[in-house]
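Q: test case, fold it:
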Amino acid sequence: MAIPVNSPMVGRLISINVQVGDQVKENDPVAALEAMKMEVKIYSPASGAVKEIKAAPGEVVSPDTVILTLE
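A: Prediction:
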């Protein structure tokens with residue numbers, strides 16, 4: 001079952017720190033976005049392997065945007 005990693009708020013995605021196939025642990029930083037001139041890290045909600053990356057740096061994301069999925 002795929003586990004989505006969503007943006008916590010509206011902002012511009014500035015980096016994705018993982019690649020498809022990477023193993024991550026719960027609470028590992030997997031991406032970052034800029035919101036209100038602050039950098040906000042996005043953390044993995046669970047341990048697993050990165051299955052798919054669905055967003056790219058530079059995109060404006062909202063709280064319902066799935067940035068990547070884990071399996």
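
Q: any weak-confidence spans in this structure?
A: Applying pLDDT under 70 to the chain picks out no residues at all.

Q: what ranges does it have for its strands?
A: Assigned by DSSP state E, the strands in the chain fall at 3-6, 11-16, 23-24, 29-35, 38-43, 48-53, 60-61, 66-70.

Q: list of residues touching the third one?
A: Under the criterion C-beta atoms under 8 Å, 6 or more residues apart in numbering, residues 18, 30, 44, 47-50, 70 lie in contact with strand 23-24. Using the backbone N, CA and C atoms, a C-beta is placed for each residue, glycine as well.

Q: again, only this time at 6 Å
A: 44, 49 (C-beta atoms under 6 Å, 6 or more residues apart in numbering).

Q: cool, and stretch 62-70?
A: With contact meaning C-beta under 6 Å, 6+ apart, stretch 62-70 is reached by 2-7, 10, 31, 48, 50-55.

Q: repeat that for 7 Å
A: 2-10, 13, 24, 30-31, 42, 44, 46, 48-55, 61 (C-beta atoms under 7 Å, 6 or more residues apart in numbering).

Q: neighbours of Y43, how many?
A: Neighbours of Y43 under the rule other C-beta atoms under 10 Å: 13.

Q: over to G21?
A: Neighbour number of G21 under other C-beta under 10 Å is 8.

Q: that one against V50, yeah?
A: Yes: at 6.3 Å, G21 and V50 qualify as touching, with contact defined as C-beta atoms under 7 Å.

Q: coming back round to it: quick one: buried ones out of the contacts of stretch 62-70?
A: 5, 7, 13, 24, 30-31, 42, 44, 48, 50, 53, 55, 61 (16 or more other C-beta atoms under 10 Å).

Q: so what touches stretch 4-14?
A: In contact with stretch 4-14 (C-beta under 7 Å, 6+ apart) are residues 30-35, 39-40, 42, 44-45, 55, 57-70.
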